[in-house]
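> next input, structure requested:
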Amino acid sequence: MSQKDEVREFLISRRAKVTPAMVGLPPGGPRRVPGLRRGEVAVLAGVSVEYYTKVERGDLRGVSDEVLGAIATALRLDEAEQTYLMNLARAANAGHRARAPRRQEQGIRPSLLHLVDSISEGAAVLANPRSEILATNPLARALYDPLFRSQGERPGYGRFIFLDPAARQFYPDWEMIADVNVASLRTVAGRNPFDPSITELVGELSTRSEEFRRRWARHDVRLHIEGLKRLNHPVVGLVELEYNVLDLRADDGADLTVYTAAPGSESEEKLRLLASWWASERADDDASPAPGSVLPGAREA
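Model prediction:
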C-alpha cells in the first residue's frame, strides 16, 4: 500500500467511527456510509470541503500541524491516532524517497545489557521495533520460554501470536493481545515508513495469517506504554503481571519492558517458582543464554 493509500484508508476508517450525534451535529438524512461526511469533518476542522478532500485523498504536502490538529479534533483522534497522523504527514513532507536500504542493526550497548541484568524483581525484555526479543534477564527468559521453544533465536511476538497455535494457550486473552500487537506494529510503521524490515514483517504476517490481515485492515494504532497481561505458563500456570515500557529511541528504537506482579499476590509467588525452575534448567543446559546476555542473533556494541 502506498503512503497516500495509507493516509486515505486511515482517515476514512476514523471518519466512519464518528457519528453526527457524537459531535453535536444533526443526523442529516440517510447516509450511504457510516460516520461523518467529508463536508461535516471540514466544517468541524474549519477548512474547506475541497481542502479536506485533498487531505483525505492522501495529499499531506504542506499541511500545517495546526490543520492536522483541527482534523484530529474533528475526528476525535486519541493521542496514538493523532501521533500516527502527524508521522504520516512528516513522511509526506520529507518528499519522495527511494526505498531505504536495509540498515545493519546496531549492537546493544553493554551498559544497556547491565541494566537488563540488574533487574531482579521483575522480568525484563529488550526488544527491537519489530517486537523481536534481543535480550532478557533470567526471569524473562523463563517467562517467555514458549516463544523461544517455538522460534529459537530472536523470537518475535507477532510471529508467535499469529503463526503458532500454541499462542492461544499461552495468552488466555488472545484476541486482545492480537489487537494490541497489530495496533502497536502499525504505530511503529508510521514512525518508520521507509524501514524495509518492518514492511517485510507486515507482508509476511499478512500473507500467512487471516487474523493478522483482518486486524491490519482496521488501521488501529496504539501507544504501548503500560498495562496488565495474563500469561498461562506451562510450568506455573496462570500469572497476571503489570508491565511498563521504556522507549529507547537512541538504541535503534528498541524498548525495554519490565513485568512485575503485585506484592503478596499469587502471581508474585509463581514468578519465584518460575525463577527457581529456570535456574534448574540452566544448570542442566550450559547452552542457555547467560543472565542479561545478548540472545543468539544479536550483537554487543
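> please enumerate the strands of the stretch 1-150 of the chain.
123-127, 133-136 (DSSP state E, counting those that start in this stretch).
> relative to Pro26, which of those strands is closest?
With respect to Pro26, and counting by C-beta to C-beta, the nearest of the strands of the stretch 1-150 of the chain is strand 123-127 at 48.0 Å. Just so you know, the C-beta spots here come from the backbone N, C-alpha and C atoms, and that holds for glycine as well.
> pairing partners for the closest one, with directions?
Sheet pairing for strand 123-127, assigned by DSSP bridges, gives strand 133-136 (antiparallel), strand 254-260 (antiparallel).
> next, format the ones you listed as TSV and append mean pLDDT and distance to Tyr243.
As requested, these are exported to TSV (pLDDT from 0 to 100; distance: least, C-beta to C-beta, whole Å):
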stretch	mean pLDDT	distance to Tyr243
strand 133-136	94	14
strand 254-260	94	5
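> which strands border the longest strand belonging to the chain, and is each parallel or antiparallel?
In the chain, assigned by DSSP state E, the strand with the most residues is strand 237-248. In the sheet, strand 237-248 lines up against strand 226-233 (antiparallel), strand 254-260 (antiparallel) (DSSP bridges).
> tell me the confidence at Asn192?
Predicted confidence (pLDDT) at Asn192: the value is 81.
> which of the helices or strands spans the nearest residue to it once chain neighbours are set aside?
With C-beta to C-beta, 6 or more residues apart in numbering as the criterion, Asn192 has its nearest non-adjacent residue at 5.6 Å, and that residue is Ile198. Using DSSP states H and E, Ile198 sits in helix 196-208.
> so where do the helices sit in the stretch 151-300 of the chain?
Remark: helices assigned in the stretch 151-300 of the chain by DSSP state H, counting those that start in this stretch are 157-163, 167-170, 174-191, 196-208, 210-216, 266-284.
> out of those, nearest to Leu231?
Per C-beta to C-beta, nearest to Leu231 of the helices of the stretch 151-300 of the chain: helix 167-170, 6.3 Å.
> just the CA coordinates for the closest one, please, in PDB.
C-alpha atoms of helix 167-170 as PDB (Å, rounded to 0.1, in the frame of the first residue of the first chain):
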ATOM      1  CA  ALA A 167      -0.100 -18.800  21.400                       C
ATOM      2  CA  ARG A 168      -3.800 -19.200  22.100                       C
ATOM      3  CA  GLN A 169      -3.000 -21.400  25.100                       C
ATOM      4  CA  PHE A 170      -0.200 -19.100  26.300                       C
END
